[in-house]
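J.: sequence and predicted structure are below.
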Amino acid sequence: MKKVIILGSTGSIGTQTLNVIKNFRENFEVVGLTAYNNVELLSKQIREFNPRVVAVKDEDKANQLREKLEENIEILTGSKGLQEIVKYDADLVVIAVEGIAGLLPTITAIQTGKDIALANKEVLVTAGQIVMDLAKKKGIRLLPIDSEHSAILQCLKGNDRKEISRLILTASGGPFRGKKKEALKKVTVEQALNHPNWKMGKKITVDSATLMNKGFEVIEAKWLFDISEDKIDVVVHPQSIIHSMVEYIDGSIIAQLATADMRIPIQYALNYPTRNYIKEVKFLDFSVITQLTFEKPDLETFRCLSLAYEALKIGGTMTTVLNAADEIAVSLFLNKKIEFLQIAEIIEESMKEHNNIQNPTLDDIINVDKEVKEKIAKRYMR
Ligand SMILES: NC(=O)C1=CN([C@@H]2O[C@H](COP(=O)(O)OP(=O)(O)OC[C@H]3O[C@@H](n4cnc5c(N)ncnc54)[C@H](OP(=O)(O)O)[C@@H]3O)[C@@H](O)[C@H]2O)C=CC1
Ligand SMILES: CC(=O)[C@@H](O)[C@H](O)COP(=O)(O)O
Ligand SMILES: [Mn+2]
């Protein structure tokens, strides 16, 4: 039995992870679960999966949760709760919380020797060097859940890494593919949340619409696969059937294809290096696939992807600025305080104003994240 802790069990990835586990109840024991606000769903998950310990946002949420439960269960709270829960006896921690909230628990989980199944990409964007160095030092496995990185991991299997010519990340292009800046001036939150192929949390869905999600994935790929950014390309593939590819020095390209169902990469991370069959997951049917198309990303309209490459080239705390500015700008957009195109403008402005720190410590990263967010909030909160 693999003992598993899931951070963010009430979210899109968290619920799908529990769905995968439900299919293989004999293989997994759920030790810990965390929610932030959604205690209603967490209480149902507790009844179904019987974890030893859970964590929620604060004492108020803990009290609400207690009222919903018949039995006593250990309930931790706040950001400290996330760091405490990962210390419990477990083999694997699934990091499925959104944003920088995932950083310190990931570090603590690695320090305490757990393998990591990483959905959260912001952790590697903001502190890739620190996290990867620590994972190496501790000898733990850091397995990607993100569909593109899971695809790349699968395309690398059995091949010599020295023979890689480039990684090719596929992007759907999001809901605004093909549109120019003028047409994006007045797009609504609802339009930005209307992803063509995936149903995901709000933050990542807006990131897909700006192409920042792909920028983050370039950075994530650099750290996970230890490869420089000039060997990581992005191609727009609107059907989201090819989840990414690896090109080798002889010109051969190996791709991973599947339906757009996150339970496939989730089960791969949970069962790695083996695979498992999930009955409800649809398989690709080539008799109904009419086309697989590819386009160059429009870097002029979707500035965020270029900003991510620039931040990665500069290195140090610049990717922390990219991440922090994006987190707060997306939240301002979701709260209708700024317009869609201002997301990229705010990020670019924050990067220009930043005095970069090369080889930052964890404290540097946490401070930069806080400073950038406070500055933007002060400037744009009305
Ligand atoms: N969804 C997807 O298909 C994919 C997601 N990812 C990545 O996975 C991560 C999770 O995404 P997704 O599941 O879509 O997001 P959701 O918004 O659906 O879920 C987020 C989860 O994190 C919890 N949470 C939110 N804020 C905090 C916080 N400050 N502290 C602790 N917990 C918090 C939420 O709790 P509650 O709901 O109880 O408030 C919820 O359980 C992101 O980093 C995303 O980029 C990567 C690839 C694909
Ligand atoms: C499911 C997943 O991995 C997402 O990160 C997805 O890739 C988003 O789609 P985009 O290609 O539109 O960013
Ligand atoms: Mn992805």
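T.: Structure's in. What do you need? Ligands and ions are numbered 1, 2, ... in the order given.

J.: the helix ranked longest in the chain near ligand 1 anywhere?
T.: In the chain, with assignment by DSSP state H, the single longest helix is helix 362-380. No: shown here: helix 362-380 not in contact with ligand 1 (CB under 6 Å from any ligand atom), separated by at least 12.5 Å. For glycine as for every other residue, the C-beta is placed from the backbone atoms N, C-alpha and C.

J.: run the chain-centre distance for that helix.
T.: 20 Å (CA atoms, centre = their mean, to the nearest Å).

J.: so what touches it?
T.: 100, 103, 107, 126-127, 130, 317, 320-321, 323-325, 327-329, 332, 337-338, 342, 346, 350, 353-354, 357, 360 (CB atoms under 8 Å, 6 or more residues apart in numbering).

J.: buried sites along that helix?
T.: By 16 or more other CB atoms under 10 Å, the buried positions in helix 362-380 come out as D364, I365, I366, V368, D369, V372, K373, K375, I376.

J.: make a markdown table out of those residues and add pLDDT and distance to N276.
T.: Shown next, in a markdown table, are the buried residues of helix 362-380 (pLDDT from 0 to 100; distance: CB to CB, whole Å):
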| residue | pLDDT | distance to N276 |
| --- | --- | --- |
| D364 | 98 | 41 |
| I365 | 98 | 36 |
| I366 | 98 | 38 |
| V368 | 98 | 41 |
| D369 | 98 | 37 |
| V372 | 98 | 41 |
| K373 | 98 | 40 |
| K375 | 98 | 47 |
| I376 | 98 | 43 |
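
J.: of the contacts of helix 362-380, buried ones?
T.: Neighbour-count burial (16+ other CB under 10 Å) is assigned, among those, to 100, 103, 107, 126-127, 130, 317, 320-321, 323-325, 327-329, 332, 338, 342, 346, 350, 354, 357, 360.

J.: touching, L33 and G8? I think so.
T.: No: counting by CB atoms under 8 Å, L33 sits too far from G8 to count as a contact (9.0 Å).

J.: higher neighbour count, those two?
T.: Between L33 and G8, counted using other CB atoms under 10 Å, L33 has the larger neighbour count: 29 against 26.

J.: shouldn't that one be within a helix?
T.: No: counting by DSSP: H, G, I helix; E, B strand; the rest coil, L33 falls outside a helix, being strand.

J.: how much space between it and L76?
T.: Note on L33: its distance to L76, by CB to CB, to the nearest Å, is 11 Å.

J.: mutual contacts of the two, please.
T.: Common neighbours of L33 and L76, counting by CB under 8 Å, 6+ apart, are V54, A55.

J.: near ligand 3, which residues of the stretch 51-200 of the chain are found?
T.: By CB under 5 Å from the ion, the part of the stretch 51-200 of the chain that sits against ligand 3 consists of D146, S147, E148.

J.: could you find the closest non-adjacent residue to the last one?
T.: The reference is to E148. Spatially, and ignoring its direct neighbours in sequence, E148 is nearest to S244 (4.1 Å; CB to CB, 6 or more residues apart in numbering).

J.: neighbours of that neighbour, how many?
T.: So S244, with other CB under 10 Å, has 27 neighbours.

J.: let me know the secondary structure of it.
T.: S244, by the three-state scheme (three-state DSSP), is strand.

J.: please name the bridge partners of it.
T.: Q256 (DSSP bridges).

J.: same question for L76.
T.: A55.

J.: was I right about it contacting E84?
T.: Yes: in this structure L76 lies within contact range of E84 using CB under 8 Å: 5.2 Å.

J.: please identify every residue contacting each of the two.
T.: Shared between the contact lists of L76 and E84 (criterion: CB under 8 Å, 6+ apart) are residues A55.

J.: in helices, which of the residues of the stretch 51-200 of the chain next to ligand 3 fall?
T.: S147, E148.

J.: of the residues of the stretch 51-200 of the chain next to ligand 3, which is the nearest to ligand 1?
T.: Taking CB to the nearest ligand atom as the measure, D146 is the one of those closest to ligand 1, at 4.3 Å.

J.: and the gap between the closest residue to the closest one other than its chain neighbours and ligand 2?
T.: Nearest non-adjacent residue to D146, counting by CB to CB, 6+ apart: K121, 5.8 Å away. Using CB to the nearest ligand atom, to the nearest Å, one obtains 8 Å as the distance from K121 to ligand 2.

J.: so who does K121 touch?
T.: D146, N213, F216, E217, I219, E220.

J.: repeat that for 7 Å
T.: By CB atoms under 7 Å, 6 or more residues apart in numbering, K121 lies in contact with D146, F216, E217, E220.

J.: next, count neighbours for the last one.
T.: Residues within reach of E220, counting by other CB under 10 Å, total 24.

J.: surely it forms part of a helix?
T.: Yes: using three-state DSSP, the secondary structure at E220 is a helix.

J.: residue contacts, it?
T.: Contact partners of E220, counting by CB under 7 Å, 6+ apart, are K121, L124, V125, D146, H149.

J.: can you tell me the closest non-neighbouring residue to the residue in the stretch 201-350 of the chain that ligand 1 sits nearest to?
T.: Taking CB to the nearest ligand atom, ligand 1 has its nearest neighbour within the stretch 201-350 of the chain at G201, 2.4 Å off. Distances taken as CB to CB, 6+ apart place S12 nearest to G201, at 4.9 Å, with adjacent residues excluded.

J.: the one you found: what's it in contact with?
T.: Residues counted as contacts of S12 (CB under 7 Å, 6+ apart) are K199, M200, G201.

J.: contacts for the one helix or strand L153 maps to?
T.: Taking DSSP states H and E as the definition, one finds L153 inside helix 147-156. Helix 147-156 has contacts (CB under 7 Å, 6+ apart) with 144, 167, 169-170, 217, 220-221, 224-225, 243-246, 254-256, 262, 265, 268-269.
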